[in-house]
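Chemist: Quick one, fold the following:
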Amino acid sequence: MKMLCEKSELLEGIQRVQNVVSQKATLPILSHILMEAGENRLQLCATDLEVGIRCSVSADVQEEGAITVPGRTISDIVREVPEEKIEIVTEKGNSVTISCGKSFFKIMGLPKEEFPKLPESGGEESFCMSQRKIKELIRKTLFAVSRDETRYALGGILFQVKKGEITAVATDGRRLAKLRRERDKDGKIEKELILPAKAVSEINRIMEGTEDEVKVSIGKNEVTFEFNQIIFMARFLKGKFPEYENVIPKTQNIRLSMNREEFLSTIRRVSLLASEKSNSVKLNLYPEKVVLTASTPELGEASEEMNVSYDGEEEVMAFNPSFLMDFLRNETCEEIYFDIINPVSPAMLRPKDDEDYLYVIMPIKI
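Modeler: Model prediction:
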């Protein structure tokens, strides 16, 4: 293999795939990026066996060929070389030379044959959706995914694909985020699948959030996303997602209407003195206002009042401030509803102008 490539294009391609590269792989080949040169394109591939990505960049290919190179090493080299064309040449013994201006590097690669084969693009069924909607489905639910590795099925986002719509759901047992969005193009496909947190995080990172179309193909064990000369593959998580509809409150006794940014800022300030042990902020409800308080015996206490739309009885309840802020940071609307049954039952937050998005959160026992 012998080729020339602009530094900016090569670096962009490497950055698209390098997050998938496994840094603690039991198989050395999984810490490598596969480089395949042909037809004036350089194709870059990376996988950890559960997630895979393939993208291509333009290149002046003088000799076609393929080699795998250590992902971190090639990324560091390309980032640091001068802003000139980079020449990459494979030599005997799987060695690779990289030349750019007066800089020269020689690194050891591994043969292409050792690299795991990625599933072919396309699946049994497919549909199209905008990058913006896919990113929104991920961004507004990913924060609620469980970090407990023993709860395997909760380690990803459930996607329910139905006629004309998609619903994304994530939960860790203490809170739940659910968002429904219409599909851009209708189809007969109806599927339920759980994608791991690593996969959806990476999709969210590399998608641009535009109205450009993404082709989503669902196979037997994996899904592929095709967009912007990128093919991204992720295997489904096995296991059964809980019957989440049972925990979503159907009624409320208290509805607070409040400014999202003000609520977020107030929680952020008050939680500075929240106890590490209880990790809670109290909401003291009064007519037309709520007073947020937190305290740590060794440090002190904090309180702040904010105006809300509320005309009920006085109530006191407590919530994990990080859980509240996760929702508030990922929402963009100006006003939100905070629906409460009582101080010990699940509460629900939702945007005032979007009935298709909700966030359920368990209170903390006072």
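
Chemist: Run through the helices of the stretch 201-350 of the chain in chain order.
Modeler: Assigned by DSSP state H, counting those that start in this stretch, the stretch 201-350 of the chain shows helices spanning 260-270, 321-330.

Chemist: again with the stretch 1-150 of the chain
Modeler: Listed in chain order (using DSSP H, counting those that start in this stretch), the helices of the stretch 1-150 of the chain are 7-17, 71-80, 131-139.

Chemist: Let me know which of the ones you listed is tucked in deepest.
Modeler: Looking across these with neighbours counted as mean count of other C-beta atoms under 10 Å, the highest average goes to helix 131-139: a mean of 20. C-beta coordinates here come from the backbone N, C-alpha and C atoms, glycine included.

Chemist: Which other helices and strands does it contact?
Modeler: Using 3 or more C-beta pairs under 8 Å, 6 or more residues apart in numbering; DSSP states H and E as the contact criterion, the elements in contact with helix 131-139 are strand 156-162, strand 165-171, strand 175-182, helix 197-206, strand 213-218.

Chemist: Recalculate using a threshold of 7 Å.
Modeler: When contacts are defined as 3 or more C-beta pairs under 7 Å, 6 or more residues apart in numbering; DSSP states H and E, helix 131-139 sits against strand 175-182, helix 197-206.

Chemist: Just send the ones you listed back as CSV, with distance to Ala46 and mean neighbour count too.
Modeler: Shown next, in CSV, are the helices and strands packed on helix 131-139 (distance: least, C-beta to C-beta, whole Å; neighbours: other C-beta atoms under 10 Å):
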stretch, distance to Ala46, mean neighbour count
strand 175-182, 29, 20
helix 197-206, 10, 20
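
Chemist: follow-up on the earlier one: could you say which one of the helices of the stretch 201-350 of the chain comes nearest to Cys45?
Modeler: With C-beta to C-beta, the closest approach to Cys45 among these belongs to helix 321-330: 31.3 Å.

Chemist: Compare the helices and strands packed on helix 131-139 and give me the one nearest Lys277.
Modeler: Closest of those to Lys277 is strand 175-182, at 19.6 Å (criterion: C-beta to C-beta).

Chemist: coming back round to it: which of the helices and strands packed on helix 131-139 sits closest to Ile341?
Modeler: strand 175-182 (15.1 Å).

Chemist: Partner strands of the closest one and their direction?
Modeler: In its sheet, strand 175-182 lies beside strand 165-171 (antiparallel), strand 357-361 (antiparallel), with partners assigned from DSSP bridges.

Chemist: contacting residues around Val290?
Modeler: With contacts taken as C-beta atoms under 7 Å, 6 or more residues apart in numbering, Val290 has the following neighbours: 256, 283-284, 306, 308.

Chemist: again, 10 Å this time
Modeler: With contacts defined as C-beta atoms under 10 Å, 6 or more residues apart in numbering, Val290 is in contact with 256, 258, 263, 266, 282-284, 304-308, 310, 315, 338.

Chemist: Among these, which are located in strands?
Modeler: The strands in this structure, assigned by DSSP state E, contain 256, 258, 282-284, 304-307, 315, 338 from these.

Chemist: which among these gets closest to Ile230?
Modeler: Minimum separation from Ile230 among those (C-beta to C-beta) is found for Phe338, which lies at 39.2 Å.

Chemist: ok, and the closest non-adjacent residue to the closest one?
Modeler: Beyond its immediate neighbours in the sequence, the residue positioned closest to Phe338 (C-beta to C-beta, 6 or more residues apart in numbering) is Leu256, lying 4.1 Å away.

Chemist: what's the burial count for that neighbour?
Modeler: Using other C-beta atoms under 10 Å, the number of residues around Leu256 comes to 20.

Chemist: and the gap between it and Leu264?
Modeler: Leu256 sits 14 Å away from Leu264, going by C-beta to C-beta, to the nearest Å.

Chemist: now Ser278
Modeler: Distance of Ser278 to Leu264, given as C-beta to C-beta: 21 Å.

Chemist: What of Phe232?
Modeler: For Phe232, the distance to Leu264 (C-beta to C-beta) stands at 32 Å.

Chemist: Likewise for Ile107?
Modeler: Taking C-beta to C-beta, one finds Ile107 at 47 Å from Leu264.

Chemist: Could you list the low-confidence segments of the chain?
Modeler: Segments of the chain classed as low confidence (criterion: pLDDT under 70) are 119-124, 184-187.

Chemist: In contact with the closest residue to Arg139 other than its chain neighbours: list those residues for me.
Modeler: Of all residues beyond its chain neighbours, the one nearest Arg139 is Asn330 (5.6 Å), with distances taken as C-beta to C-beta, 6+ apart. For Asn330, the contacting residues are 136, 139-144, 177, 357, 359, taking C-beta under 10 Å, 6+ apart as the criterion.

Chemist: sorry, back to before: of the contacts of Val290, just say which sits nearest to Lys162.
Modeler: Lys162 lies nearest to Phe338 out of these, by C-beta to C-beta, at 28.9 Å.

Chemist: sorry, back to before: ok, the residue nearest to Phe338 touching Gly312?
Modeler: Yes. When contacts are counted by C-beta atoms under 10 Å, Leu256 is listed as touching Gly312 (9.3 Å).

Chemist: re the thing from before, so which of the helices of the stretch 201-350 of the chain gets nearest Pro242?
Modeler: For Pro242, the closest of the helices of the stretch 201-350 of the chain is helix 321-330, at 17.9 Å, according to C-beta to C-beta.

Chemist: With distance to Phe159 as added columns, please give the strands paired with strand 175-182 in a markdown table.
Modeler: As requested, these are arranged in a markdown table below (distance: least, C-beta to C-beta, whole Å):
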| stretch | distance to Phe159 |
| --- | --- |
| strand 165-171 | 6 |
| strand 357-361 | 15 |
